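Enquirer: kindly return the folded structure for what I paste below:
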Amino acid sequence: MNKVHKVKDIAGQPERDEGQTAYHESLKEQKVLQEQSSFLLAVEKASVPVVKLLLENGANITSRSEDGKTALHVAAMTGSEDLLQLLLSAGADPYAKDNKGLLGLHHAAIVGHQEVVRILAEISKNVDVMAYGLTPLLLAAANGRESVVRLLLEAGADPEKRDADKRWTALLWAVNRRHEVTARLLIARDDVEINSTDSVKRTPLSWAAYRGQWAVVEELLARNDIKVNSGDIYGRTPLSRAAEQGHQSVVQLLLARDDVEVNSKRYGQTALSYAVKQGHQSVVQLLLARDDVEVNSKNIYGQTALSYAAEQGNQSVVQLLLARDDVEVNSKNVYGRTALSCAAEQGHQSVVQLLLARDDVDVEAVNVRNSWEQTPLGGAQ
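Expert: Just a heads-up that it's a prediction; the model follows:
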């Protein structure tokens, strides 16, 4: 019997149109992606036997995820030393960068895997390698990875390296992110500049005072080289920052220093005026306990601490201020307003009564007219 040949055996494979070709190419790409995905998922699960088996059967060690992470990046994030060593022995590139430019070393520093960082730091030619504007040390400090910070410093990382954006050092990052243990580790080192400033000239002490980090402030103040009155580009000192935020314990620490400038001004505003404006009674009380505090200091509009408190109707703070023998109860702002007229204009009856109870108050101040020809009492109606 004659053998019957099928048409495709004789003619060969039929030509595919462009649509078919694209479809089959897409299938191939999907298969490759699935294989890559399976491999990276196995790495993510830190399954050393499975990863080893996949590598032995041709898995591509240079496979990347959509965000550019290789198997080594993923392994660094898992913290598995065995997995990392397996990948390195199979030829994984420790210098491979993801889409953000991060190495495996950066990822391990972020999550705090000390031994993985140790392995990659020993391989790295530059432990201060920048990626996304940050070094491994900066990333570890920003995330409060104390053991990794210690390890990187021992490996030669520069504690004074700054990020490309905020211009923060490792110490500034630790303080800003409220990582107390990491911050104290850095403060204790002689090679760390504790008065380093960021892009707006704020120091670690300024930030710690602002954040209310009592323990960090205490550590910083224990250093002989601390600049307690360092001002930023806005003229704000650590004391004024702490006072404005109402951090009583921090204010106490700063006021205990003989060299603190309690009346340091920014546009005429002192730590006292900032505390009064925010209604922080306990801080106001601390500041007024000092004989050298300038209770009548004026801002650029001529307002004093008393006029601030009166205008806001803060009776308790007004009482504290009036208890000072040196308070100028009739001090006028640039609009001719006194504390009495400010309180009257806002309708704060209890404050008005407090002020009128004084023999030295200028009652006629309530008759001073503003640019709209209104008196304080008239404006309050």
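
Enquirer: any idea how many residues pack against D93?
Expert: Other residues near D93 number 15, with proximity taken as other CB atoms under 10 Å. All C-beta spots, glycine's among them, are computed from the backbone N, C-alpha and C.

Enquirer: repeat for the one 5 residues further on
Expert: By the measure other CB under 10 Å, the count of residues near D98 is 20.

Enquirer: how close does it sit to M77?
Expert: Plainly put, D98 is 11 Å away from M77 if you go by CB to CB, to the nearest Å.

Enquirer: list the buried residues of the helix or strand harbouring V181.
Expert: Assigned by DSSP states H and E, V181 falls within helix 180-187. Buried positions in helix 180-187, judged by neighbour count with 16 or more other CB atoms under 10 Å: 180, 182-187.

Enquirer: want to throw the residues you listed into JSON lines with distance to S282 and pLDDT?
Expert: Shown next, in JSON lines, are those (distance: CB to CB, whole Å; pLDDT from 0 to 100):
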{"residue": "E180", "distance to S282": "23", "pLDDT": "97"}
{"residue": "T182", "distance to S282": "30", "pLDDT": "98"}
{"residue": "A183", "distance to S282": "25", "pLDDT": "98"}
{"residue": "R184", "distance to S282": "26", "pLDDT": "97"}
{"residue": "L185", "distance to S282": "31", "pLDDT": "97"}
{"residue": "L186", "distance to S282": "31", "pLDDT": "98"}
{"residue": "I187", "distance to S282": "27", "pLDDT": "97"}
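
Enquirer: around the residue nearest to L152 when sequence neighbours are not counted, count how many other residues there are.
Expert: Closest residue to L152 apart from its sequence neighbours, by CB to CB, 6 or more residues apart in numbering: L137 at 4.7 Å. The number of residues packed around L137, counting by other CB under 10 Å, is 26.

Enquirer: do the same with the one 5 residues further on
Expert: A count of nearby residues for A142, using other CB under 10 Å, gives 21.

Enquirer: correct me, but it touches A174?
Expert: Yes - at 7.4 Å, A142 and A174 qualify as touching, with contact defined as CB atoms under 8 Å.

Enquirer: who's in contact with whatever helix or strand the residue nearest to L152 lives in?
Expert: Assigned by DSSP H and E, L137 belongs to helix 136-142. The contact list for helix 136-142 (CB atoms under 8 Å, 6 or more residues apart in numbering) reads 105-106, 108-110, 112, 117, 121, 127-129, 134, 148-149, 152-153, 157-159, 161-163, 168-171, 173-174, 177, 179, 182, 186.

Enquirer: for this protein, give me the ranges with low pLDDT.
Expert: Within the chain, the ranges that satisfy pLDDT under 70 run 1-36, 367-381.

Enquirer: redo that, cut-off 50
Expert: For the chain, the stretches flagged by pLDDT under 50 are 1-16, 19-35, 370-373, 375-381.

Enquirer: excluding sequence neighbours, find me the nearest residue to H247.
Expert: G212 (4.0 Å).
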